[in-house]
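[1] I need the structure of the sequence given here:
(chains A and B)
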Amino acid sequence: MITNPVASPTAVARQWFLARSDLDALIQALRKAGRTVIGPTVRDGAIVNDEIQSAADLPAGVRDEQSAGQYRLAERADERVFGYTVGPTPWKRFTFPPILPIATAHRSGSFGFEQPKTVAPQLAFLGVRACEIAALGMQDRVFLGSPFTDEDFRARRKAALIVAVQCTTSSSTCFCSSMGTGPEVRTGYDILLTEIDEGFVIQAGSPAGAAIVAHLPTRQPTHAETGAAVDVVEAVRTQIGETLPIAGIDQRLKRQLDNPRWGVVAERCVECGNCTMSCPTCFCTSVTERSDMEGRISVTERLWDSCFDINFAKVAGGDFRARPRDRYRQWLTHKFSSWMDQFGSFGCVGCGRCITWCPVRIDVREELQAIAPVIQPIERPVAVEPVAASPGSYSIARLASVREETGDTTTLSLTDLDPAFLSGRPGQFVMVALPAFPAVPISISRFRANGIDLTIRAVGATSTALANLHPGAKVGLRGPLGTFWPIEDAYGRHAMVVAGGVGLAPLRGLVEALVANRDRFESVSLYYGSRTPEDQLFSDDLVAWSASKAIDVAVTVDRAGPEWKGRVGVVTTLFDMMSCDCSKITAFVVGPERMMQASVQSLISKGVPTERINVSLERHMECGIGLCGHCQTGPYFVCKDGPVFRLSELGDLYAREGI
Amino acid sequence: MDDHASVIVMLNNTWFGSELAPETQERLAKLGTVQEFEADEIILHEGEEAIEMGILISGRLALRQMVPERGPVTILSVEPGDIFGWSAILAATKAQSTVVATEPSKALVIEGATLRAALKEDHALAASLYPRVLSAVGRRLRATRLQLLDLFAR
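    Okay, here's the model as predicted:
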């Protein structure tokens, strides 16, 4: 790794003042030290980094105007020489050349391959900004941070002396403060300049830098000058602001691999590769061969490549990223997600070049926020402390009554139980055990004054044994466990409950709470689908809710005989033709996974926000408290972090096969 | 008898009709007649020639098919705003199911041959009507697929 000169941000480093008229002395000192000076100069209507001979080559009195797809130079009202932000040339051009011979092969006389020796030019980079120093550091990690290193890069990087410049202005495309890379230069420089009205406040960050500064016609800066140097950087930080909420974006992106926005942005993208070529961190390359006509000598060259190139991921059997959307996703997810996994940081420094130099004005900040928006943390009331939380420990309850709901579903009313169970919330569940039977998770379908109801479909040994119990029997309980329905999310909105089959059980408590607090909601509706009329749960409740007028109840069945006068069709047919301002809906959905998926798709297509769609997941659970690992779904344990989730929390994890 | 203007108002209150162009609503109101059905009234028998398409204004219709040894099975209910007999747009054909009103119902009914002739001659009408019909048919197809999956089965 390159050992960057480190200047402690906390230590008060020695400072000098250099008049603007004496800046050429710095350039000449660098040249006299045997270095070629690379610095900003105006060429072809842009400020590019190239070899400069003197201070006269610098863009004095020039500023730039940058926005998405726009770059223009204009005159400044003063003679500042660093009064602009970053141009199209990343410094990697000099540490990681666009074209580099890496081998020569010959078959004339002898046969062999030769690797050219790197002769790294002694360069001085003048005008390196904070974001660009961060970019050099990122390439250090890429090229030098693994057992296989790029020795050409190492040599060039080591031979470069960094004269950094604090940003004293910003562009609308800058977002270094969001990425944590700027605008203040804190480390990684040999000499640091801060341009103020009359000249420069200078600091040295390394012995090599101090040796150069020692030859300059400097003086001690005044308090006003050092104060101005601090203020100007702070002002730039304020100008830039933190426009991109970056925390956690690497994880958020991982859940958005199927976001339709990839297709939308890919329709705009022309795949010119400008973003990758102007990016100071992009490091992908290809290798090409040049040979003489007889094939006796050939030269292997390494060239910058772009993951936007249509052949970038091509193999003999096809292309792994055949669609433009695949390539755009590759680029963005590498920069902001998988780069973190590979190299421990983001692959973006927020310099904004990819925004400025995009001919179709794609702004990476907009795309990130559209594809992986910040998920507001769920503020749920604190759940009651569960009773008998550890596996194997059970609180005993007595079965007060049994009600047969359908041919295979039974409701057990439990009483004489720990009062903590009564403080549970709709959507929570309990682990229920009988001697000799493994414990199973069962949703609480009703909270009563002196007990709870569990509605059980007899599908396995334990559930069948539970369904066959008689009043007076005892059961073991652990709970209440898991998350609950965020009823507060529906205050002032249309509360919409969508249930399928036995999925009405974990929703019954919610429906009762919605009805009990009816005034808090714009409307309350229940859409319930079952296989046949005989499979409907809680038929008495359905009648009572309909009669109460507090809630609109619509039920449907998948199939029926002629005696059934109600709706026939899957549950989504109940709201497919619904017309309302669907953005004001808060939905609560439970049912078989495929039914929930169809319902969720329908709700999204109508404009219900994903953060307002709540689902309850059913997964294999053994412990109910996040220890056994059976219910893991992506970053969550469904028992502990769920079972109730906002769809926006699940992202692509929801309904994804094999997760 | 409902007058022309009230038929347009009815259409505007339906899922199917509300997004049609005003000229299409006008045309359909002229082409069709509003019919009322009593509860349990059979509108069309399975196997008979299906010659009309309807837009249900109110009430509920059941589409039933006869299964030997099981009797009539309701496979779909038509709710207000939806269409029935849509295949009459394509050609006169045999009804695939019995259509029965399960409660007092009202519909705008259009004779298939008349509608087909109008669609052939009036391309603007066709351009307005077909996407809406396709949307209804697509929705029904998606729902049928889910029914096929028998989601609630053990």
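[2] per-residue confidence for the residue of the stretch 151-300 of chain A at minimum distance from chain B?
    Proximity of the stretch 151-300 of chain A to chain B (Cβ to the nearest Cβ) peaks at A:Pro260, 18.2 Å away. Quick note: C-beta positions are derived from backbone N, CA and C, even for glycine. Per-residue pLDDT puts A:Pro260 at 88.
[3] So what's the residue count around it?
    Neighbour count of A:Pro260, defined by other Cβ atoms under 10 Å in any protein chain shown: 10.
[4] Quick check: the closest residue to A:Ala211 other than its chain neighbours vs chain B, distance?
    Closest residue to A:Ala211 apart from its sequence neighbours, by Cβ to Cβ, 6 or more residues apart in numbering or on different chains: A:Ala33 at 7.8 Å. For A:Ala33, the distance to chain B (Cβ to the nearest Cβ, to the nearest Å) stands at 74 Å.
[5] And the helix or strand bottoming out on mean pLDDT in chain B, what does it pack against?
    Across the helices and strands of chain B, mean pLDDT, DSSP states H and E gives its lowest value to strand B:93-94, namely a mean of 83. On a contact count with 3 or more Cβ pairs under 8 Å, 6 or more residues apart in numbering or on different chains; DSSP states H and E, strand B:93-94 meets strand B:49-50.
[6] Can you identify the element that follows the strand it packs on toward the C-terminus?
    strand B:52-67 (DSSP states H and E).
[7] Centre of the chain to that next one, how far?
    Taking Cα atoms, centre = their mean, to the nearest Å, one finds strand B:52-67 lying 7 Å from the centre of the chain it belongs to.
[8] Dihedrals phi and psi, the residue of the stretch 151-300 of chain A closest to chain B?
    Main-chain torsions, A:Pro260, degrees, to the nearest 10: phi -60, psi -20.
[9] try A:Ala505
    phi -60, psi -50.
[10] ok, how many other residues are close to A:Ser108?
    Neighbours of A:Ser108 using other Cβ under 10 Å come to 10.
[11] check contacts around it.
    Applying Cβ atoms under 8 Å, 6 or more residues apart in numbering or on different chains to A:Ser108 gives the contacts A:Arg296, A:Ile297.
[12] Give me the helices and strands touching the longest helix along chain B, please.
    Across chain B, the helix with the greatest residue count (assigned by DSSP state H) is helix B:123-149. Packing partners of helix B:123-149 (3+ Cβ pairs under 8 Å, 6+ apart): helix A:593-605, helix B:22-31, strand B:71-78, helix B:112-121.
[13] Which one of those lies nearest to A:Gly87?
    When those are compared by Cβ to Cβ, helix A:593-605 sits nearest A:Gly87, at 42.9 Å.
[14] Following the chain past the closest one, name the next helix or strand.
    strand A:613-616.
[15] neighbouring strands for that next one, and are they parallel or not?
    Counting by DSSP bridges, the strands paired with strand A:613-616 are strand A:585-590 (parallel), strand A:644-646 (antiparallel).
[16] Now the last one: buried residues?
    So the one you mean is strand A:644-646. Residues A:Val644, A:Phe645, A:Arg646 are the ones in strand A:644-646 that count as buried (16 or more other Cβ atoms under 10 Å in any protein chain shown).
[17] Show me how far that strand is from its chain's centre.
    With Cα atoms, centre = their mean, you get 19 Å for strand A:644-646.
[18] per-residue confidence averaged over the following helix or strand past that strand?
    Going down the chain from strand A:644-646, the next helix or strand is helix A:647-650, by DSSP H and E. Averaged across helix A:647-650, pLDDT comes to 89.
[19] Alpha carbons only: can I get helix A:647-650 in PDB?
    The C-alpha coordinates for helix A:647-650 follow below in PDB (Å, rounded to 0.1, in the frame of the first residue of the first chain):
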ATOM      1  CA  LEU A 647     -43.100  -4.300   2.000                       C
ATOM      2  CA  SER A 648     -40.400  -1.600   1.600                       C
ATOM      3  CA  GLU A 649     -38.400  -3.300   4.300                       C
ATOM      4  CA  LEU A 650     -38.400  -6.600   2.400                       C
END
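[20] how far out from the middle of the chain is that helix?
    Averaged C-alpha coordinates place helix A:647-650 at 13 Å from its chain's average position (Cα atoms, centre = their mean).
[21] Stretch A:644-652 too?
    Distance of stretch A:644-652 from its chain centroid, counting by Cα atoms, centre = their mean, is 14 Å.
[22] name the helices or strands packed onto the strand or helix carrying A:Glu512?
    In this assignment (DSSP H and E), A:Glu512 forms part of helix A:505-516. Other helices and strands packing on helix A:505-516, by 3+ Cβ pairs under 8 Å, 6+ apart, are strand A:440-448, strand A:494-500, strand A:523-530, helix A:539-548, strand A:585-590.
[23] and the angle from it to strand A:523-530?
    Following axes from the mean of the first three to the mean of the last three Cα atoms, to 10 degrees, one obtains 160 degrees for the angle between helix A:505-516 and strand A:523-530.
[24] which residues does residue 35 contact?
    Picking chain A for this. A:Gln122, A:Leu123, A:Ala124, A:Leu161.
[25] Sorry, I should have been clearer: chain B.
    Contacts of B:Gln35 were listed using Cβ under 8 Å, 6+ apart, and they are B:Gly54, B:Lys106, B:Ala107, B:Leu108, B:Val109.
[26] Counting neighbours, which of those residues comes out on top?
    For the contacts of B:Gln35, neighbours were counted by other Cβ under 10 Å; the highest total belongs to B:Ala107, with 30 neighbours.
[27] hey, where'd the helices end up in the stretch 101-250 of chain A?
    Taking DSSP state H, counting those that start in this stretch as the criterion, the stretch 101-250 of chain A contains helices spanning A:130-144, A:151-158, A:176-179, A:207-213, A:223-240, A:249-254.
[28] Now the fifth one: buried residues?
    Using 16+ other Cβ under 10 Å as the burial criterion, the residues of helix A:223-240 that qualify are A:Glu225, A:Thr226, A:Ala228, A:Ala229, A:Val232, A:Val233, A:Val236, A:Arg237, A:Ile240.
[29] and the second one, what does it touch?
    This means A:Thr226. A:Gln15, A:Val201 are the contacts of A:Thr226 under Cβ under 8 Å, 6+ apart.
[30] Quickly note the distance from A:Pro533 to B:Leu28.
    A:Pro533 is 35 Å from B:Leu28, where distance means Cβ to Cβ, to the nearest Å.
[31] Tell me which of those two has more neighbours.
    Neighbour count, other Cβ under 10 Å: between A:Pro533 and B:Leu28, B:Leu28 has more, with 24 against 17.
[32] where does the chain have low pLDDT?
    I'll assume chain A. Residue ranges of chain A with pLDDT under 70: A:1-12, A:375-381, A:657-659.
[33] Chain B, not that one
    B:1-2, B:154.
[34] At the contact with chain A, which residues of it appear?
    Contact residues, chain B versus chain A (Cβ under 8 Å from any Cβ of the partner chain): B:15, B:18, B:60, B:62-64, B:71-77, B:79, B:81-82, B:102-103, B:139, B:142-143, B:146-147, B:149-154.
[35] residue contacts, the residue most central in space within chain B?
    Nearest residue to the geometric centre of chain B (Cα atoms, centre = their mean): B:Phe84, 1.9 Å. Going by Cβ under 8 Å, 6+ apart, B:Phe84 touches B:Met53, B:Gly54, B:Leu56, B:Leu61, B:Leu63, B:Val78, B:Val99, B:Ala107.
[36] Could you give the bridge partners of it?
    Under DSSP bridges, the beta-bridge partners of B:Phe84 are B:Gly54.
[37] For the longest helix of chain B, buried residues please.
    Across helix B:123-149, burial judged by 16+ other Cβ under 10 Å covers B:Leu125, B:Ser128, B:Leu129, B:Arg132, B:Ala136, B:Arg139, B:Arg140, B:Arg142, B:Ala143, B:Leu146, B:Gln147.
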